[in-house]
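Asks: Okay, predicted coordinates and the sequence, questions at the end:
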Amino acid sequence: MKQPTPRFAFLIHPLVPLHRRILAARRLHVPGMLAKDAGVDLVGPGALVRMPTAVGDVEGLIIGVPDLPAQIIGDQSRALALMLRATRSAEAHGAQVIGLANALGVVAGRGSELQRHTSLPVTSGQASTAWACTEVTRAMLVKRGTPRGPVAVFGFTGTVGDAVATLLASEGVDVRVEAGGPALARRADAVGVKAMEREELLATCDVLVGASTTGPVLAPSQLRANTALVDLALPPTLEPGRLPPGFVRVPGEALYVPARVQAGFWGRLWLLFAGYGSGRVYACFAEPAVIALTGERSFSQGRRLDPARVRAVGLALRHLGFRAV
Amino acid sequence: MDEQYRLPMGVEFDPVMFAKVQKCFCDALEVEVDECGYYAKVLDDLGAESLDLLDVVFRLERAFDVQIPRGGVESKAKMVDGKPGEVDGKLTAIGAEVLRKLMPEVPEEEIFEGLKTTELPRAFRIGTFYVLVWVLVTVKLKEAEARAALEK
């Protein structure tokens, strides 16, 4: 008997009011199309995409919740209730794992509270993001002829920034981070990275990693010519402004898919809004696919990523045919 | 003022409540309880970042069944007696004065005129969150008592 295609659910939310209206249109929810606010009735499957991999296809069920990022962050209990409703919908539609996009992955204990209410593995996808960013940064260092660094990681106090710095440092790369308080200094010592002032970082590093969780932290005027920025911050790491000559910015969270993602109208629309079209996906989207295909437990939950688990998800992604560069 | 801790006028120290606040920090930041003293700086001493504060707020809201308003302490200084407490994202003299009174757990020199409001979280202590929660819980209890009295 033919086995059903492995399936994961990916919980998304609108970034702007227009996205919410599209969600409402998809759900044929007239009040949601007209109103500024929307109720829980908008929660439900929005699209199904199919991703071929080296070991077989996997289906991604895209489920939207109606709140905008500010609402999600402002009322985490409501966000959790919406995620629970979406999770019940995912369970009813045969999903084997829950992936959380954007703001949904950072509220309510970064997935851990939702995990308490479902037997399905829940993942924020941050391990895959950290792996992709590490791969891109390593490739950039090699391209620049400085495989051992130095490289400056901005956002070291964040989950992904910490993991990227830790992984690169463990490979012998000279990793430098912006100095902060005593806790940061202790952590920097523990994982073998150097903490220094911003001016010194920018003066000594041609390759930067932007992993800040608070949006723009660097002004273009602070950068030297020919600097490369591996950026995974949303909003982006750089403030608007005139960029120095030779500056390059590369996305640090994009993965090339093994083969073209197949999707209907709504799925293609989502892929378009999600940023990379059908040839690449955000790494956090690939992580639940890995879990659905391999039966692994979650790689990403809570505040700190285990470097061994980041390497494990990287190996699994490679095995399935995903690549970061 | 409390004898042991610097508290705003009218706020009392409740060791049970404080222990619950500490636990929220320990769970969110994966630190030991002895690191979470009343005067511990949340960002610099405990290594928290902005998303950690979100997690802390979520845990406090669930532990105490309250809704912590966004903007928290800083919002109290936006407008003081009709005068702006901040201009262009920086504290005015009056804004700084109000915040120093609301946050006696923070040394006065850390809250000053011209401080960027985005930098204010760097001054937050565990005590800042204790006071916030104490006020919200106390208001909630008083409202419940008033409702019960009306029903009688």
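Replies: Arrived safely, thanks for sending.
Asks: When you work out contacts or count neighbours from here on, use the C-alpha atoms and nothing else.
Replies: Noted.
Asks: what sits against the closest residue to residue B:86 other than its chain neighbours?
Replies: Of all residues not flanking residue B:86 in the chain, residue B:92 sits nearest, at 5.1 Å (Cα to Cα, 6 or more residues apart in numbering or on different chains). Neighbour list for residue B:92: B:84, B:85, B:86, B:113, B:114 [criterion: Cα atoms under 8 Å, 6 or more residues apart in numbering or on different chains].
Asks: and whichever residue of chain B sits closest to chain A, what pLDDT?
Replies: Nearest to chain A in chain B, going by Cα to the nearest Cα, is residue B:44, at a distance of 4.1 Å. Per-residue pLDDT puts residue B:44 at 89.
Asks: The one 4 residues further on too?
Replies: The per-residue pLDDT reported for residue B:48 equals 90.
Asks: Give me the nearest residue to it, chain neighbours excluded.
Replies: Spatial nearest neighbour of residue B:48, chain neighbours left out: residue B:42 (6.0 Å); criterion: Cα to Cα, 6+ apart.
Asks: who in chain B is up against chain A?
Replies: Selection of chain B residues close to chain A by Cα under 8 Å from any Cα of the partner chain yields B:28-29, B:43-52, B:54-55, B:58-59, B:69-70.
Asks: Tell me which of those residues fall in helices.
Replies: B:28, B:29, B:50, B:51, B:52, B:54, B:55, B:58, B:59 (DSSP state H).
Asks: what's the most distant pair in the residues you listed?
Replies: Largest separation among those by Cα to Cα: B:50 and B:59, giving 14.6 Å.
Asks: Those two - which one has more neighbours?
Replies: residue B:59 (23 against 15; other Cα atoms under 10 Å in any protein chain shown).
Asks: Identify the residue nearest that one in space, chain neighbours excluded?
Replies: Sequence neighbours aside, residue B:24 is the residue nearest to residue B:59 in space, at 5.7 Å (criterion: Cα to Cα, 6+ apart).
Asks: Assign a three-state SS to that neighbour, would you?
Replies: helix (DSSP: H, G, I helix; E, B strand; the rest coil).
Asks: Check it and give its pLDDT.
Replies: Predicted confidence (pLDDT) for residue B:24: 95.
Asks: tally of neighbours for it?
Replies: 22.
Asks: Enumerate the residues of the stretch 151-300 of chain A near chain B.
Replies: Residues of the stretch 151-300 of chain A lying near chain B by Cα under 8 Å from any Cα: A:157, A:158, A:180, A:181, A:182, A:183, A:184, A:213, A:214.
Asks: just checking, the fourth one touches residue B:42?
Replies: If I follow you right, that is residue A:181. No - the criterion here is Cα atoms under 8 Å, and residue A:181 misses it with residue B:42 at 10.1 Å.
Asks: who's more crowded, the two?
Replies: Ranked by neighbour count (other Cα under 10 Å), residue A:181 and residue B:42 place residue B:42 first, with 25 against 14.
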